[in-house]
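K.L.:
Quick one, fold the following:
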Amino acid sequence: MDDRILQRVASRGILQSLTKEELELDRRPVTTDPRPARVQAWVRFGAEPVLVDADLCMWTDRAAAIRFRVGDQERRCWVWSGAVLRDG
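P.N.:
Sure thing, here's the model as predicted:
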């Protein structure tokens, strides 16, 4: 996605992330990758969805922790695993 468009979308809403209750990290195993894979992921700023290029940092059987950049800021959030698109 064009960085200017991503910055505009990000300025209009708060980055959404899954809640503690949705993640159930106390009940589900979490895998951490020391070398995060490059992926694309659907995130939401407010109610607006946007596809971003991201690093897949951690995951459970249902959710994924990603990080990505908006301008010079790093953003992090948890999304449902179905929102993550891997190459190949």
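K.L.:
longest helix anywhere in the chain?
P.N.:
helix 3-11 (DSSP state H).
K.L.:
Past it, which element shows up next along the chain?
P.N.:
Scanning forward in sequence from helix 3-11 by DSSP states H and E, the next helix or strand is helix 20-23.
K.L.:
Which residues does the next helix or strand after that following helix contact?
P.N.:
Scanning forward in sequence from helix 20-23 by DSSP H and E, the next helix or strand is strand 31-45. Applying Cβ atoms under 8 Å, 6 or more residues apart in numbering, the set of residues contacting strand 31-45 from outside is 9-10, 12-16, 49-60, 64, 66-68, 75, 77, 79, 83-87. (Each C-beta comes from the backbone N, C-alpha and C, glycine too.)
K.L.:
Would you list the buried entries among these?
P.N.:
If you count burial by 16 or more other Cβ atoms under 10 Å, the buried members of those come out as 9-10, 16, 50, 52, 54-60, 64, 66-68, 75, 77, 79, 83-84.
K.L.:
Now do the contacts for G46.
P.N.:
G46 sits in contact with 12-14, 16, where contact means Cβ under 8 Å, 6+ apart.
K.L.:
ok so, going back, for the longest helix of the chain, output the C-alpha coordinates as CSV.
P.N.:
Coordinates of the C-alpha atoms in helix 3-11 are reproduced here as CSV (Å, rounded to 0.1, in the frame of the first residue of the first chain):
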residue,chain,number,x,y,z
ASP,A,3,2.6,5.0,2.4
ARG,A,4,0.7,8.3,2.0
ILE,A,5,-2.6,6.5,1.8
LEU,A,6,-1.7,4.3,4.8
GLN,A,7,-0.8,7.4,6.8
ARG,A,8,-4.1,9.1,5.9
VAL,A,9,-6.1,6.0,6.9
ALA,A,10,-4.1,5.7,10.2
SER,A,11,-4.8,9.3,11.1
